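>>> coords please:
(one chain, ligands or ions: 1)
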Amino acid sequence: MKTEVKLKLGVNIDHVATLRQARLDIDPDPVQAAQVARQSGADIIVCHLRRDRRHMQDADIVKLCRLKGETHVEISDDAKIIAAVLKARPTSVCLVPERPGEVSTEGGLDLVRNGKSLAKTIAKLKKAGVEVSLFVAPEAPAVRAARNIGADIVELDTSDYAKTHSKPKQKLELERLELAAYMAWEMGIVVHAGHGLDYHNVAPVARIPHMSALNIGFSIVARSVFVGLKTAVSEMRRAID
Ligand code: PXP
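Here you go, the predicted model:
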């Protein structure tokens, strides 16, 4: 029987590194941020190693993966990036689409167009002992395709939900997420969700049955400017519990 587990909070620390890279300095250190986030209620430390290295650097990933606890790295299906994460050995990775110049990830993977290549990458990562998540739209075909090519986890894209401010549309988007989460759980896939979640919109997503983790970055780091990272993470922890 599948049992329900406590919802995990994944804290994405990319934008701590964004600030550091603004001056190409050593502070603020994302590894120190990861330690503070863990002490304040983060179950998973999340980051994105981008091809353009605009925030996290290869050495950051290596150091983060040496810390105790779960580390989850978002990556594109790119041979050099995959080689870098295999050197660091995170607990898990999330394969995401990555368009040069994008401000942030723009929607889920196209599993029809890229399914074959992704299947090979998934097999390679799993063989190395790294769990694999796929960032997908909260739709049945995407969840099914993710299962068929060997994903351990699906991360349901919450950006349509997060961008919507009308109550009826929010309700529809939540229903999409609920249905996709249920399908994934039925198929034995671990369910994550994320993108665009903040202190105001997170609670209904946190209540979706079968959700295993929420991955949240920008809103937490933005709030930390005013209240500190410790408080910002604790507040998000309270918002999802
Ligand atoms: N999940 C995925 C797949 C992402 O690419 C990102 C952004 O790095 C997040 C979650 C976190 O999104 P946000 O920073 O809007 O909370």
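>>> can you tell me the element the residue lying closest to Val96 once chain neighbours are set aside falls in?
Closest residue in space to Val96, ignoring its immediate chain neighbours: Phe135 at 4.4 Å, by C-beta to C-beta, 6 or more residues apart in numbering. Every residue, glycine included, has its C-beta placed from N, CA and C. Taking DSSP states H and E as the criterion, the element that holds Phe135 is strand 131-136.
>>> ok, that strand: who's next to it in the sheet?
On the basis of DSSP bridges, the sheet neighbours of strand 131-136 come out as strand 92-95 (parallel), strand 153-157 (parallel).
>>> which one of these is the most hemmed in?
Highest mean neighbour count of the strands paired with strand 131-136: strand 153-157, a mean of 28 (counted as mean count of other C-beta atoms under 10 Å).
>>> now the angle from the following helix or strand past the strand holding Phe135 to strand 131-136?
Stepping forward along the backbone from strand 131-136, the first helix or strand reached (DSSP H and E) is helix 140-148. Using axes from the mean of the first three to the mean of the last three C-alpha atoms, to 10 degrees, the inter-axis angle of helix 140-148 relative to strand 131-136 is 160 degrees.
>>> let me see the mean pLDDT of helix 140-148.
The predicted model assigns helix 140-148 a mean pLDDT of 97.
>>> mind listing residues that contact it?
Helix 140-148 is contacted by residues 108-109, 111-112, 115, 134, 136, 154, 179-180, 183-184, 187, 189 when judged by C-beta atoms under 8 Å, 6 or more residues apart in numbering.
>>> kindly report the same for stretch 185-193.
Outside stretch 185-193, the residues touching it (C-beta under 8 Å, 6+ apart) are 2, 10, 94, 133, 138, 143-144, 146-147, 151-158, 177, 181, 184, 205, 208-215.
>>> give me that answer again for 7 Å
Taking C-beta atoms under 7 Å, 6 or more residues apart in numbering as the criterion, the residues outside stretch 185-193 that touch it are 2, 133, 146-147, 151-156, 158, 177, 181, 184, 205, 210-215.
>>> same question, stretch 62-72
Taking contacts as C-beta under 7 Å, 6+ apart, the residues outside stretch 62-72 that touch it are 10, 31, 34-35, 38, 43-47, 87-92, 94.
>>> need the three-state assignment for the closest residue to Gln39 other than its chain neighbours.
On the basis of C-beta to C-beta, 6+ apart, the spatially nearest residue to Gln39 that is not a chain neighbour turns out to be Lys230, at 7.2 Å. Recorded secondary structure, Lys230: helix (DSSP: H, G, I helix; E, B strand; the rest coil).
>>> and Lys230, how many neighbours?
The burial count assigned to Lys230 is 14, neighbours taken as other C-beta atoms under 10 Å.
>>> am I right that His72 falls within a strand?
Yes. Applying three-state DSSP, one finds His72 inside a strand.
>>> about what we covered before: what mean pLDDT does the strand holding Phe135 get?
Averaging the model's pLDDT scores along strand 131-136 yields 98.
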